[in-house]
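Trainee: 3D model of this:
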Amino acid sequence: MLHCPRDVTRTILYSGIFLATGLTSALAADPTGDWRVADGVANIRVAECKGSMWGAVAWEKTPGGRDKNNPDVSKQNRPSLGMPILIDMKKKPGLDQWEGQVYNAKDGQSYSSTIKAIGSDQLEIQGCVLGFLCGGETWTRVGGPIPSSPSNSMAKGAPKSTDGTLPKTAAPTTTATPKTTGSVNPPPKASAQKPATAAQPADPVGDICLLPDIARFTH
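Mentor: As a prediction, this is how the structure comes out:
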């Protein structure tokens with residue numbers, strides 16, 4: 001009887017570790033959010049649209065890209081921003097993996113692919129051509145998971161800086177107004193300085209489930 005409290009304590013401790021590990025695994029397995037591709041040229045936003053995972057270009061290092069390598073001539077002039085990359089990926093039973101198609105804009109081809117979250121900050125992409133010549137890469141998280149909703153409206157409104165990461169909020173600055181001492185000619189007003197570069201529009205993609213190339217399959 002003297003050993004029972006210790007056994008109970010040990011059981012509770014192990015149960016707590018098991019539950020915490022299970023919770024961490026569940027959170028780490030979420031593939032939604034914004035991910036920086038391996039070569040750093042784009043961010044891919046992944047969201048659940050009608051039960052499947054879809055991914056689209058949400059930011060590009062060099063703006064104004066076009067889908068010029070697409071074999072469909074009618075799509076060669078479409079903007080790469082907002083273009084679907086991960087297509088209709090469905091969860092594999094019993095596994096934290098999703099399987100579908102990945103579009104490679106570099107050669108204009110689609111490949112069978114799987115995605116799998118590695119920890120909370122990496123997404124592993126594996127693709128194969130006709131079941132062989134398999135390869136892959138790892139993407140790095142730059143934006144948090146996106147809660148599931150009918151239209152995934154939570155994906156909207158996240159402003160991006162010019163490098164595609166969430167910007168830091170700058171503290172407001174104030175300029176003191178000079179006092180005059182009865183002078184007839186008041187001091188000239190300082191002209192406002194123009195920013196050196198124009199700011200990139202805040203999150204031009206928004207909810208990827210509403211993008212035309214995705215919405216026609218999911219709505």
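Trainee: contacting residues for residue 78?
Mentor: Going by CB atoms under 8 Å, 6 or more residues apart in numbering, residue 78 touches 66-67, 70. Placement of C-beta: from N, CA and C, glycine included.
Trainee: what do you get for residue 37?
Mentor: Going by CB under 8 Å, 6+ apart, residue 37 touches 43-44, 137, 139.
Trainee: Which of these fall within strands?
Mentor: If you go by DSSP state E, these have 43-44, 137, 139 in strands.
Trainee: out of the contacts of residue 37, which are buried?
Mentor: Using 16 or more other CB atoms under 10 Å as the burial test, those include 43-44, 139 as buried.
Trainee: Pull out the buried positions in stretch 74-90.
Mentor: For stretch 74-90, the neighbour count (16+ other CB under 10 Å) marks 78, 80-89 as buried.
Trainee: picking up where we left off before, single out whichever of the contacts of residue 37 has the smallest pLDDT.
Mentor: Least confident of these in the model: residue 137, at 92.
Trainee: How much space separates that residue from residue 72?
Mentor: 25 Å (CB to CB, to the nearest Å).
Trainee: ok, which stretches of this protein are strands?
Mentor: Counting by DSSP E, the strands of the chain are 33-36, 42-49, 52-60, 84-91, 98-104, 109-118, 122-129, 132-143.
Trainee: between these, which gets nearest to residue 208?
Mentor: Residue 208 lies closest, by CB to CB, to one member of the strands of the chain: strand 52-60, at 4.3 Å.
Trainee: partners of that closest one, with directions?
Mentor: strand 42-49 (antiparallel), strand 84-91 (antiparallel) (DSSP bridges).
Trainee: Can you check what angle separates that strand from strand 109-118?
Mentor: Angle of strand 52-60 versus strand 109-118, following axes from the mean of the first three to the mean of the last three CA atoms, to 10 degrees, is 100 degrees.
Trainee: from what I can see residue 41 touches residue 59, true?
Mentor: No - applying CB atoms under 8 Å as the test, residue 41 and residue 59 come out as separate, 9.7 Å apart.
Trainee: Mind checking which of those two has more residues around it?
Mentor: When residue 41 and residue 59 are compared for neighbours, residue 59 comes out ahead with 25 against 15, by other CB atoms under 10 Å.
Trainee: From residue 54, how far out is the nearest residue to residue 115 once chain neighbours are set aside?
Mentor: Excluding the flanking residues, the one nearest residue 115 by CB to CB, 6 or more residues apart in numbering is residue 98, at 5.1 Å. Residue 98 sits 10 Å away from residue 54, going by CB to CB.
Trainee: what about the two, which has more around it?
Mentor: The neighbour comparison of residue 98 against residue 54 (other CB under 10 Å) goes to residue 54, with 27 against 22.
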